[in-house]
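K.L.:
Sequence below, structure please.
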Amino acid sequence: MLDLGRLRALHAVAVHGSVGGAAAALGFTPSAVSQQISKLERETRTVLLERQGRGVVLTDAAARLAGTAQQLLALVEQAEVTLEEQRGQAVGRLLVAAFATGARGVMPGALADLRQRCPELDVRLLETDPYLAAELVARGEVDLALVQDWPTVPLPVQEGISRMDLGRDPVDLLLRAEHPLAALPCVPVDRLVGQRWISVPPGNICHDWLVLTLREVGEEPDVLYQVGEFETQIALIEAGLGLGLVPRLGRAPLPDGVVARTVSPEPTRRVYALWRTQASRRPAITAALRAMREQWALVGTPSADGLHVP
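P.N.:
Predicted coordinates for the structure are as follows:
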């Protein structure tokens, strides 16, 4: 009989495209995932992974087996929901994905609350971009995702996924205090033309928003520095290397010499949670959603200077 844990490891490699990605999602070491795959190969007497450059690819047999594993994992999830309902409390494992500033601004308090209220629930956190997070929820690789998008760049969400809105997260223009635009309390979006930009890399929802917004005023943005960490962006802004549009959620106090200015029209992210509708009855999902909602109420939307706004 095939081991479900080993099938889960194979499915994770198929979804994430690498042993390292699967390990991060499952909360294991890459070595542990490799061992699970090796044992599964011995059980099935089939080669499942082949080396390709510095990575691995699934064989045709592995791809078919991973598809079967996805169906089995969906059945297991349904069984877990039924058992949790019968017990009336959140138990088992809950894997949550969150975008970077959500992981910093919302999840610490929410996770601490869950640990206190649901001691039998094993909660794991995976930081990832909203695009991937939505896919992972749909595929059953994560149970719940904290995501964000923009009105002009909506996040594609598949059928069978439920949503809980948390609120709006304004985005400010960050720049050196001596920059000419810093003299304006609110910067019209057309004044952003001709600037040098610091932004996240392409393929990230925040980068997509910046490109689309400036294209609307007739410019292809000149992004000189592409970095994923907002804190690194702020350090580059502090060095006078360019301007950045940085969300308020999870943002640390700004260093001396860097100021925040609002933009008109104001860019605002929508923050919400996603989960599979079929798991809505699961007490662990209900408890996690409550913790996120309550933490958002405590965090609120900070003002441009970092002060709390309930």
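
K.L.:
Please count neighbours and contacts with C-alpha atoms only from this point.
P.N.:
Noted.

K.L.:
Now residue 169. Its backbone dihedrals?
P.N.:
Dihedral pair for residue 169: phi -120, psi 100, per degrees, to the nearest 10.

K.L.:
mind listing what it touches?
P.N.:
With contacts defined as CA atoms under 8 Å, 6 or more residues apart in numbering, residue 169 is in contact with 247, 248, 249, 268, 269, 270, 271, 301.

K.L.:
Mind pulling up the pLDDT for the last one?
P.N.:
Which is residue 301. What the model reports for residue 301 is a pLDDT of 61.

K.L.:
and what of the first one?
P.N.:
pLDDT recorded at residue 247 is 90.

K.L.:
Okay, and the beta partners of it?
P.N.:
Counting by DSSP bridges, residue 247 is bridged to residue 171.

K.L.:
Which of the helices and strands in this protein ranks last by mean pLDDT?
P.N.:
Within the chain, no helix or strand scores below helix 60-87, which has a mean of 76 by mean pLDDT, DSSP states H and E.

K.L.:
State the paired neighbours of whatever helix or strand comes next after that helix in the sheet, together with their directions.
P.N.:
For helix 60-87, the following helix or strand on the C-terminal side (DSSP states H and E) is strand 92-98. Each strand that strand 92-98 pairs with, and the sense of that pairing, follows from DSSP bridges: strand 121-127 (parallel), strand 144-149 (parallel).

K.L.:
what does the shortest one contact?
P.N.:
Outside of strand 144-149, the residues that reach it under the criterion CA under 8 Å, 6+ apart are 94-99, 102, 129-130, 133-134, 137, 155, 205, 269-276, 285.

K.L.:
please redo it, this time with the cut-off set to 7 Å
P.N.:
Contacts of strand 144-149 with the rest of the structure, by CA atoms under 7 Å, 6 or more residues apart in numbering, involve 95-99, 102, 130, 133, 137, 155, 205, 269-275.

K.L.:
So which of the residues you listed are in helices?
P.N.:
Filtering these for membership in helices, criterion DSSP state H, returns 102, 130, 133, 137, 205.

K.L.:
Please report how far the fourth one lies from residue 102.
P.N.:
The one in question is residue 137. Using CA to CA, to the nearest Å, one gets 17 Å for the distance from residue 137 to residue 102.

K.L.:
if you skip the residues just before and after it, what's nearest to residue 229?
P.N.:
If the residues on either side of it in the chain are set aside, residue 229 comes closest to residue 200, at 7.4 Å by CA to CA, 6 or more residues apart in numbering.

K.L.:
To what extent is that neighbour buried, counted in neighbours?
P.N.:
By the criterion of other CA atoms under 10 Å, residue 200 has 23 neighbours.

K.L.:
And residue 78, by the same measure?
P.N.:
The burial metric for residue 78, expressed as a neighbour count using other CA under 10 Å, is 16.

K.L.:
Please report how far it lies from residue 140.
P.N.:
According to CA to CA, residue 78 and residue 140 sit 11 Å apart.

K.L.:
likewise residue 248?
P.N.:
From residue 248 across to residue 140, the span is 30 Å (CA to CA).

K.L.:
and the two? which has more neighbours close in?
P.N.:
Per other CA under 10 Å, whichever of residue 248 and residue 140 has more neighbours is residue 248, with 23 against 20.

K.L.:
Stretch 26-36 - what's its average pLDDT?
P.N.:
82.

K.L.:
Check stretch 161-180 too.
P.N.:
For stretch 161-180, the per-residue pLDDT averages 95.

K.L.:
for the least confident helix or strand of the chain, packing partners?
P.N.:
helix 4-16 (3 or more CA pairs under 7 Å, 6 or more residues apart in numbering; DSSP states H and E).

K.L.:
Grab the CA positions of the helix it packs on and hand them over as CSV.
P.N.:
What follows is the C-alpha trace of helix 4-16 in CSV, where atoms were taken according to Å, rounded to 0.1, in the frame of the first residue of the first chain:
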residue,chain,number,x,y,z
LEU,A,4,0.1,8.9,1.9
GLY,A,5,2.9,11.1,3.3
ARG,A,6,5.1,10.1,0.4
LEU,A,7,2.4,10.8,-2.1
ARG,A,8,1.9,14.2,-0.4
ALA,A,9,5.7,14.9,-0.9
LEU,A,10,5.5,13.9,-4.6
HIS,A,11,2.4,16.1,-5.1
ALA,A,12,4.2,19.0,-3.5
VAL,A,13,7.2,18.6,-5.8
ALA,A,14,4.8,18.6,-8.8
VAL,A,15,3.1,21.8,-7.6
HIS,A,16,6.1,23.8,-6.6
